[in-house]
Every structure is written in C-alpha cells, then in structure tokens.
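K.L.:
the amino acid sequence is not available; the structure is as follows:
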RNA sequence: GCCGACGUAGCUCAAUCGGUAGAGCACCCGCCUUGUAAGCGGGCGGUUACGAGUUCGAGUCUCGUCGUCGGCUCCA
C-alpha cells in the first residue's frame, strides 16, 4: 500500500468547492420552496448533498430547474461571509428552521457538531452567508460563488434519507450533486461513471451468462448458470487448496436446525428479523440457517478436546439464507441465499495471535492472486453504549480481545484503522475494504473474534495442567461469500478473467466445415488435459465466430483452416486481439496448462 | 422496511396527442465454404410485469401488487 502523505480531503480546495456548491444548491431550493426546511449539506466523496424537508416530492424536472438556478447564482459572484455568533443569536437567525435549532442545541451543549456527529470539545458557533442564503456552518468555503464553476458541477439524483440517519426519524429529501474544479474534471468523472457502468456485474453477469435472477424464484436468490457454477467451483478449489495447506479440516452441516440452537448461540435475539421465519414441525420450530457457526461449535463440542488438538480449524462453504430487507438487495452484492467461504478456528489464548495473523496472511495471498492493490483493514470495536444491546455485555472481554487484535496487527506491522461501534455482537473484527482496478470500493473479507459463543456452547479443552478452559473462536471468510466475490471479480476484471477462472478457456474455431473434425479433436484433446475447451462448428463465417468468442471474453481462440490441419498446428488469437500463427498444438497446450497451474493473471 | 424513479419479444431498444405493438440480435429453416470482431434470404416469437379502474378505445391516464434501480436504514 502506498504510504504517501496526501492532503486531507477536509482541507482541500475541492472540499471547499463542494461545500460551497451545497450551499448554493440549498439557496436555489429554498428560493423555489420558501416554506422548505433545511438540514445539513456536507461534501462527500466525489461531490456533495443537501437534505431538505420540503412540502412535496422533488421530480427530475425540479432537479433541472434547481441546477439552472444554481448556475445563475454562481455567476453572481456572491461572497461567502463567515460570522461567529452566540447560541442565542443563532437561534434567532434560524427561528423558523427547526432542524437547525436542534443542531444549535447540540452545539450549545458541546455534544454534537452541525452534522450531528459527536464532538470532543465545545465548538464556536458560526454562520456562513452568501447572497440570500444563510447556513449554520463551520466552513470552510471558497471566496465567492463564482469559484463553483457553472460548468463543473452537476446534480445527480434525488434520494430519501432519514434525519440524522435514524430510521425512526422523519425521512428527508436528499439531493446529490457532484462538483469539481473545472469542466474537464467533471467530464472525466462522468466518463469514469460510464466506465463503471460497463463493468457492472449485473450487466456483465447477464451478458456472460454467469447468473440470472428470476422473479418467480424470488428476490435476492440468484440462479447460477453453468459459467457461474464453474467460477464458484474454481474459487472453492482455490480456497480448499489454501486451507488444506493451513491445516483446516472440512465439515458439512445441515441447512436447517432447531430454534434452540440459535437461542443458545445468542443470534436469535439479535437477528430474528433478518432470518427466514421458522417452520413448525411436531411442535418444534426449525430455522433455515443464516450462518454456520453454531453447528461448527457443536462439532467442536462433540468430543473431549485436549490442548494438543488445538488449534482446530473447521471449514465449510455451506449455503446460508438471510432475509435481507427488500431495499437492501443489490445484484450479487447483497443476496438472500449465500455461500460463505466460512471457517471457525478454535484456539487457546496463546495461539490467538498466530492464528489471527494466519488469516491476514491468507488475505494477502488472495490480494496478490487477484491483483488487488488498494485495501484497508478496519478494526471494528464495540461501543460502551451498545453493551447489552448490540453487543454481548462483558466489557472486560471486549477490551481484552480488542487489545489482542490490536497487538497482533501491530506486531505483524499490518496497517489498520479503528472503527468504533462496528463490531459483531460477539466480538471485535477486522473487515477488509478493497478497491477494484477502477477504484470502486467493495467490502469483502472478514475476520472476527468470538469470545461469547464458545462459552454459551460450553466449549472446553483440557489444558496442560489438566484444567478445563474455554477456547477463543475466530470466524473468518477471506473470500467473503461466493456471491460477493464473483460480483467483485466480474467488475474488477471487467469480465476478462484470468484463464483459470474463465468459464470457457479455449474456443476452437474452424474456418470451413472441412476442418470441423480437426477442430473437435483439438477441443477433446484439450478437455482431456483439464482445459475447458469447446469447438464452434456452426455454419457461420469465421469472423462471426471470432466475434462471438470475443464478446464472451474467451481468453484463447484457436483458428484452424486447411493450413493448420495439414501441419497439426493452430493459429492462436488471444482475447487482447494479438495473434500468433503456426503454433504446434502441444506447445499451446503447455502454455495454457502453465497459466492455469500458476493461476496467472496474464494470458 | 422507508423515499423516489422505472418495468414493451430470450437480449438491446422503438411506438407522435390515448387510436391495429415494431426493429436488430438470439433461436429455427435454407443458400454461401469462407483466414482473425457480424455473409445473405426466409420463418418463429408479445394477454406491453400482474390485477383492477377511467374511456368508444389504454403500452400510454389512475389505483393496488410484484420486481428492478438510485439512495436511506441494515449487513451475524
């Protein structure tokens, strides 16, 4: 990871432009809806937004009108003027703005800033005015509105957003915009969005026949087509190889269990509403499993364990079902049936660090394999306020395990950032954020400490002294779920998968039907050598066959005509368009086998 | 779940003001025997997501349901 010191976004000129654009937008909206209420409008990645409470819903036409009005305002070259005020003055200024009054009250108490975020020290209260618009704001802003260039911003979308991010609060209307230093930057950004759209896994997934969703099957329940099934099998093969080397054992558990198990694990009170409702049989409730861990705990507990047996690492890629809220579903990234790259490791306290880092090590191997260059590890911690609610109520163990993770990461010199109030209910975790080659962010892998469940399941091992001890458990899924991983890989590679992952690795293309038999024999020969190859013997022209193979992003095309047939050779066309003629079939086979064996990214 | 937008053939899209639903690709049948991204001709294919309503008449207007998308919330 590059450790270059970068200018902080909050201190950048771009940040000021976006913040100012948000104010200009708020002015435009308030001029159109004088009775509207303003809330907050911060810069965000790539742009800004402002949340309003308006008498009616905004339409796409409104967006155009707002944008037009904004252009007029910025051309007016109005200065941004800051003024520090007392809380009472501020209350007077925003007398008819209830949301602002709420924010002022927070500032006054010194608890929350103007965005409702917790504060460390009591802040000064300031307002910013430009033209007809005044906002409660700590800034900073640009000098005048003309610095928000009229051809360097664009309103992007209208969305609902809860006041202060709490779904119990009123839903506001959020207008998203993007703003840049100049026209070219805006254009580049919009192009980048177009580019991302072309890579969208939902689009490519359909085009490359990897998966489909069917209304009649149900939302969030993907059907894996043969090409997708191949990719998943390759991922499993990879994971099994890696885990076998790392001493994991594979287990299998049912998709259905009695309610008691999830009561015991402690999941039910936390997650009942996001589990499929139970079915009742002979007076007993059964749930479809949303996770594998309770059953792995049962396997651990199925016999007496010695410290000599530990660590025990149980792996399973079982299918789990989670009833995600309808609005949360998103392509393959958020689904209701999922296969986790799951394993649970039972360790002693002394073994913890090494085992935890062993998982981090797996991450790095996967990153390298897939060419993931940018990533951040986030250590998610508990919050004191959440104890007994979001989190298991045992502060001592929280602090202890959090520190164990922190120490392990620091000792191994793995950079990480800490996030408060983001842990799992049973312990702290490391989540990994990664970025695809075009800079789109994904949350994939997870590595979680669990100090709660082993105890709940009464898991024990006998230590050297002959006393019983409770092991720690590490939950980990370096490849996330198959669904998310495939979605990521589609976008990361834009469907141009490395050979080992490509559903079809070689397509043999006969020029006329005189070479059909030769082509078919080549395909058979490759298949018998473990290469996924097919011959296109259709009555189409060679060019059409090549086009189709290109569209399906097949890495290697072997074109065979009379010349190749006579010489027992092939003409190789690589997916990138390059071409090599007169290659002996055996030579090509060695090349493909090598790329597959090494899981090489290059063709 | 909430706010908003959208839903036409397997896919990508068209259909003026409410007036008989159309094209390309795919698929099927022929002809062509071809040298590195689409050869030509013909055919099949729709209860316009589903259900109600308004209307002489609805793909188009209204309501409901389902689904998808942009966000919010959530993600063991």
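P.N.:
That came through fine. These numbers come from a predicted model, not from an experiment.

K.L.:
hey, let's count contacts and neighbours off CA atoms from now on
P.N.:
Will do.

K.L.:
near RNA strand B, which residues of the stretch 151-300 of chain A?
P.N.:
Within reach of RNA strand B by CA under 7 Å from any atom of the strand, the stretch 151-300 of chain A has these residues: A:157-162, A:165-167, A:171, A:173-174, A:202, A:213, A:215, A:218-220, A:267, A:271-272, A:274-275, A:290-291.

K.L.:
just the buried ones among those, please.
P.N.:
Burial by neighbour count, 16 or more other CA atoms under 10 Å: within these this picks out A:158, A:161, A:171, A:173-174, A:202, A:213, A:219-220, A:267, A:272, A:275, A:290-291.

K.L.:
reformat those as TSV; add distance to residue A:603.
P.N.:
As requested, those are exported to TSV (distance: CA to CA, whole Å):
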residue	distance to residue A:603
A:158	43
A:161	46
A:171	51
A:173	49
A:174	46
A:202	25
A:213	31
A:219	37
A:220	34
A:267	46
A:272	47
A:275	43
A:290	39
A:291	38
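
K.L.:
so which of those is the closest to residue A:518?
P.N.:
residue A:202 (37.2 Å; CA to CA).

K.L.:
surely that closest one meets residue A:331?
P.N.:
Yes: the criterion here is CA atoms under 8 Å, and residue A:202 meets it with residue A:331 at 5.9 Å.

K.L.:
which members of the buried ones among the residues of the stretch 151-300 of chain A next to RNA strand B are positioned in strands?
P.N.:
Judged by DSSP state E, those include A:158, A:161, A:171, A:173-174 as members of strands.

K.L.:
just flag the most distant two among those residues.
P.N.:
The widest separation within those (CA to CA) is 12.6 Å, between A:158 and A:171.

K.L.:
helices of the stretch 301-450 of chain A, start to end?
P.N.:
For the stretch 301-450 of chain A, the helices defined by DSSP state H, counting those that start in this stretch cover A:349-370, A:395-411.

K.L.:
elements contacting the shortest one?
P.N.:
Contact analysis of helix A:395-411 by 3 or more CA pairs under 8 Å, 6 or more residues apart in numbering; DSSP states H and E lists helix A:349-370 as its packing neighbours.

K.L.:
which other helices and strands contact the helix it packs on?
P.N.:
Helix A:349-370 sits against helix A:395-411, strand A:441-450, strand A:472-477, with contacts defined as 3+ CA pairs under 8 Å, 6+ apart.

K.L.:
most neighbours per residue, which of these?
P.N.:
Neighbour counts (mean count of other CA atoms under 10 Å) averaged over each of those peak at strand A:472-477, with a mean of 24.

K.L.:
residues in contact with that strand: which ones?
P.N.:
Strand A:472-477 is contacted from outside by A:293, A:340-349, A:352, A:356, A:359, A:445-451, A:453-454, using CA atoms under 8 Å, 6 or more residues apart in numbering.

K.L.:
which of the residues you listed count as buried?
P.N.:
Buried among the contacts of strand A:472-477 (16+ other CA under 10 Å): A:293, A:340-348, A:352, A:356, A:359, A:445-451, A:453-454.

K.L.:
in stretch A:180-195, which residues are buried?
P.N.:
For stretch A:180-195, burial by neighbour count (16+ other CA under 10 Å) applies to A:180-181, A:186, A:189.

K.L.:
typo on my end, it should be stretch A:379-391
P.N.:
By 16+ other CA under 10 Å, the buried positions in stretch A:379-391 come out as A:379-383, A:390-391.

K.L.:
which of the helices of the stretch 301-450 of chain A sits closest to residue A:263?
P.N.:
For the helices of the stretch 301-450 of chain A, proximity to residue A:263 was assessed by CA to CA; helix A:395-411 is nearest, at 21.2 Å.

K.L.:
can you give the contact residues for that closest one?
P.N.:
The contact list for helix A:395-411 (CA under 8 Å, 6+ apart) reads A:353-354, A:356-357, A:379, A:381-382, A:384, A:387, A:415-416, A:427-428, A:449, A:451.

K.L.:
tell me the one of these nearest residue A:524?
P.N.:
Set against residue A:524, the nearest of the contacts of helix A:395-411 by CA to CA is residue A:357 (44.2 Å).

K.L.:
before we move on, the earlier item: farthest-apart pair in the buried residues of stretch A:379-391, please.
P.N.:
Pairwise distances across the buried residues of stretch A:379-391 peak at 16.8 Å for A:379 and A:390 (criterion: CA to CA).

K.L.:
closest to residue A:486 out of the helices and strands packed on helix A:349-370?
P.N.:
When these are compared (using CA to CA), the closest one is strand A:441-450, at 10.9 Å.

K.L.:
helices and strands around whichever helix or strand comes after that closest one, which ones?
P.N.:
Later in the chain than strand A:441-450, the nearest helix or strand by DSSP states H and E is helix A:453-456. If contacts are counted by 3+ CA pairs under 8 Å, 6+ apart, helix A:453-456 sits against helix A:259-265, strand A:472-477.

K.L.:
who's in contact with whatever helix or strand comes next after helix A:453-456?
P.N.:
Using DSSP H and E, the helix or strand that follows helix A:453-456 in sequence is strand A:461-462. Contacts with strand A:461-462, where a contact means CA under 8 Å, 6+ apart, come from A:304-307, A:468-471.

K.L.:
can you tell me which of those residues has the most neighbours?
P.N.:
Counting neighbours by other CA atoms under 10 Å, residue A:471 comes out on top of those with 26 neighbours.

K.L.:
next up, the contacts around that residue.
P.N.:
So, once contact is read as CA under 8 Å, 6+ apart, residue A:471 ends up touching A:346-349, A:454, A:459-461.

K.L.:
those: which two are farthest apart?
P.N.:
A:349 and A:459 (14.2 Å).

K.L.:
quick one: the strands in the stretch 201-350 of chain A?
P.N.:
Under the criterion DSSP state E, counting those that start in this stretch, strands of the stretch 201-350 of chain A are mapped to A:211-212, A:223-224, A:249-250, A:256-258, A:279-281, A:284-288, A:312-316, A:319-321, A:337-339, A:342-347.

K.L.:
could you dump those into CSV with mean pLDDT and distance to residue A:509 added?
P.N.:
Output for the strands of the stretch 201-350 of chain A, formatted as CSV (pLDDT from 0 to 100; distance: least, CA to CA, whole Å):
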stretch, mean pLDDT, distance to residue A:509
strand A:211-212, 94, 26
strand A:223-224, 94, 27
strand A:249-250, 96, 41
strand A:256-258, 94, 48
strand A:279-281, 92, 53
strand A:284-288, 95, 47
strand A:312-316, 97, 40
strand A:319-321, 94, 38
strand A:337-339, 95, 36
strand A:342-347, 96, 41
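
K.L.:
what's the most buried one of these?
P.N.:
Most buried of those by mean neighbour count (mean count of other CA under 10 Å) is strand A:342-347; its value is a mean of 25.

K.L.:
next one, pLDDT for the residue of chain A found nearest RNA strand B please.
P.N.:
Across chain A, the shortest distance to RNA strand B (CA to the nearest atom of the strand) belongs to residue A:327, at 3.0 Å. Listed pLDDT for residue A:327 reads 91.

K.L.:
could you do the one 5 residues further on as well?
P.N.:
The per-residue pLDDT reported for residue A:332 equals 96.

K.L.:
sec struct for the closest residue to it other than its chain neighbours, please.
P.N.:
Spatially, and ignoring its direct neighbours in sequence, residue A:332 is nearest to residue A:483 (5.3 Å; CA to CA, 6 or more residues apart in numbering). What DSSP: H, G, I helix; E, B strand; the rest coil gives for residue A:483 is helix.
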